[in-house]
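In: Sequence unavailable; structure follows:
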């Protein structure tokens, strides 16, 4: 699932195409939103909140979307869609006279009043990538989870928002913390590190066609199961964290991050 860095990158790209522009197309292909037409509205901004995206309009409404596992936003010059906008995978089309933005395989689509955005993102903890986020408060929220494993806590978006399995693994490896260590024992600035890593990714050039940024090639532990740790050479291990119905992989080095 795309993490906070990817959603921030998507928001920036959508802003370049849409912010301050009047929509010539505003189609939503999602449940009872199918008869909604956003054309005529002006896009004010695209705001990432953890793994969620809020597209605010000047008419007092906000389009809320989430990429989930397979979602993406495709951007092409208006008139050059070549039928891609008619794909059954497209859930939203936001277009101006210059650009067409297509939300493909989106996992969530909601349209709410801007003043009611809390209905779709109010359950989230602080967004680690937000400007001015209180990182000390984020650390306190993590430690307040008590005996819960730190790996599960970092994936819990109601505690802090934006971290997924990649930055869970990389942040804990950086501080030599085992994924099952009780959260209240973690004094290291894990949230600070996660924010730094995600911002570094969001600001980096786009991935190349050669797959140079594929999991395991540029990471230290994530996606490197059984491969040598880049720090000590020990084979990377993997365990599962989270609630029983939502277990997620957590990669770690058994030597650098002892239980």
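Out: Ah, there it is. For clarity, every value in this text was computed on a predicted model and none was experimentally measured.
In: Which stretches in the protein count as helices?
Out: Applying DSSP state H to the chain gives helices spanning 4-18, 118-121, 135-143, 150-155, 165-174, 190-203.
In: Compare those and report which one is nearest to residue 230.
Out: helix 165-174 (9.0 Å; Cβ to Cβ). Just so you know, the C-beta spots here come from the backbone N, C-alpha and C atoms, and that holds for glycine as well.
In: ok and that closest one relative to helix 190-203, angle-wise?
Out: Angle of helix 165-174 versus helix 190-203, following axes from the mean of the first three to the mean of the last three Cα atoms, to 10 degrees, is 130 degrees.
In: Contacts made by helix 165-174 with the rest, please.
Out: Outside helix 165-174, the residues that touch it by Cβ atoms under 8 Å, 6 or more residues apart in numbering are 1, 3-5, 150-151, 154-155, 163, 178-179, 190, 193-194, 197-198, 215, 219-223, 231, 241, 248-253, 256-257.
In: now do 6 Å
Out: With contacts defined as Cβ atoms under 6 Å, 6 or more residues apart in numbering, helix 165-174 is touched by 3, 151, 154, 179, 190, 193-194, 197-198, 220-222, 248-251.
In: What of stretch 5-13?
Out: The contact list for stretch 5-13 (Cβ under 6 Å, 6+ apart) reads 46, 48, 51, 53, 73, 129, 198, 201, 202.
In: For it, what is the distance to the chain centroid?
Out: 8 Å (Cα atoms, centre = their mean, to the nearest Å).
In: do stretch 128-139 as well
Out: That offset, for stretch 128-139, works out to 16 Å (Cα atoms, centre = their mean).
In: what residue ranges in the stretch 51-200 of the chain score low on pLDDT?
Out: Along the stretch 51-200 of the chain, the model assigns pLDDT under 70 to no residue.
In: got the residue ranges for the strands in it?
Out: 52-57, 61-66, 72-77, 90-95, 99-104, 108-113 (DSSP state E, counting those that start in this stretch).
In: so can I have JSON lines of those strands showing mean neighbour count and distance to residue 140?
Out: Output for the strands of the stretch 51-200 of the chain, formatted as JSON lines (neighbours: other Cβ atoms under 10 Å; distance: least, Cβ to Cβ, whole Å):
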{"stretch": "strand 52-57", "mean neighbour count": "22", "distance to residue 140": "23"}
{"stretch": "strand 61-66", "mean neighbour count": "21", "distance to residue 140": "27"}
{"stretch": "strand 72-77", "mean neighbour count": "15", "distance to residue 140": "34"}
{"stretch": "strand 90-95", "mean neighbour count": "23", "distance to residue 140": "37"}
{"stretch": "strand 99-104", "mean neighbour count": "22", "distance to residue 140": "36"}
{"stretch": "strand 108-113", "mean neighbour count": "16", "distance to residue 140": "29"}
